[in-house]
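> Sequence and predicted structure, then a few things I'm wondering about:
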Amino acid sequence: MLSPDSDRIEIEDLSLRAVIGIFDHERDRRQELSMSLTLATDVRRAAATDAIDDAVDYKSVTKRIIDFVEASQFFLLETLAEQVAQLIFDEFDIDAVRLRVDKPGALRHARTVGVAITRYRHAPDAQ
């Protein structure tokens, strides 16, 4: 789970290009996006063995996300965020993911607009 003491892999400001948006002028070209991710996973085994086979290969994670996003054509950032979170759970040993996807320049008077989500492989324990 994502708690202050969770082991985490953090990927910041991953540059992406995708067809995204609801307006016609957004559908005929790729736009710049930025994504930051926090991946919760236990890193103790990898730390003990110092072996990539025991670690989450974050190069593979980012390559897969880039390939997926660049092939996508969603209307909403919300849908893109959900689909990336699901892809991470389907293909990598991650317990939880927090991600933010930003669309710079989407609003005239703002540097960026973003959607942030947190998802868990298994529902967090009720407290």
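Sure thing, it's come through.
> Tell me where this structure has helices.
Residue ranges of the helices in the chain, as given by DSSP state H, are 24-27, 44-49, 58-71, 77-91.
> Which stretch among those helices is buried most, on average?
Mean neighbours per residue, mean count of other Cβ atoms under 10 Å, is largest over the helices of the chain for helix 77-91, with a mean of 17. The C-beta positions use only the backbone N, C-alpha and C, and glycine is treated the same way.
> Output that one as CSV, restricted to C-alpha atoms.
Only the C-alpha atoms of helix 77-91 are listed here, as CSV (Å, rounded to 0.1, in the frame of the first residue of the first chain):
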residue,chain,number,x,y,z
LEU,A,77,-6.9,12.3,-19.1
GLU,A,78,-9.0,10.4,-16.5
THR,A,79,-9.3,7.4,-18.9
LEU,A,80,-5.6,7.5,-19.8
ALA,A,81,-4.7,7.5,-16.1
GLU,A,82,-6.9,4.6,-15.3
GLN,A,83,-5.7,2.5,-18.2
VAL,A,84,-2.0,3.1,-17.3
ALA,A,85,-2.7,2.1,-13.7
GLN,A,86,-4.3,-1.1,-14.9
LEU,A,87,-1.5,-1.8,-17.4
ILE,A,88,1.0,-1.5,-14.5
PHE,A,89,-0.9,-4.0,-12.4
ASP,A,90,-1.4,-6.4,-15.3
GLU,A,91,2.3,-6.5,-16.3
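> So what touches the lowest-mean-pLDDT helix or strand in the chain?
Of all helical and strand segments in the chain, the minimum by mean pLDDT, DSSP states H and E falls on helix 24-27, at a mean of 80. Contacts to helix 24-27, defined as Cβ atoms under 8 Å, 6 or more residues apart in numbering, come from residues V19, I20, G21, Q73.
> closest to L39 among these?
Proximity of the contacts of helix 24-27 to L39, judged by Cβ to Cβ, is greatest for I20, which lies at 22.5 Å.
> Can you pull out the low-pLDDT segments for the chain?
For the chain, applying pLDDT under 70 flags the ranges 1-4, 124-127.
> quick one: R44 from F23, how far?
Relative to F23, R44 is positioned 48 Å away (criterion: Cβ to Cβ, to the nearest Å).
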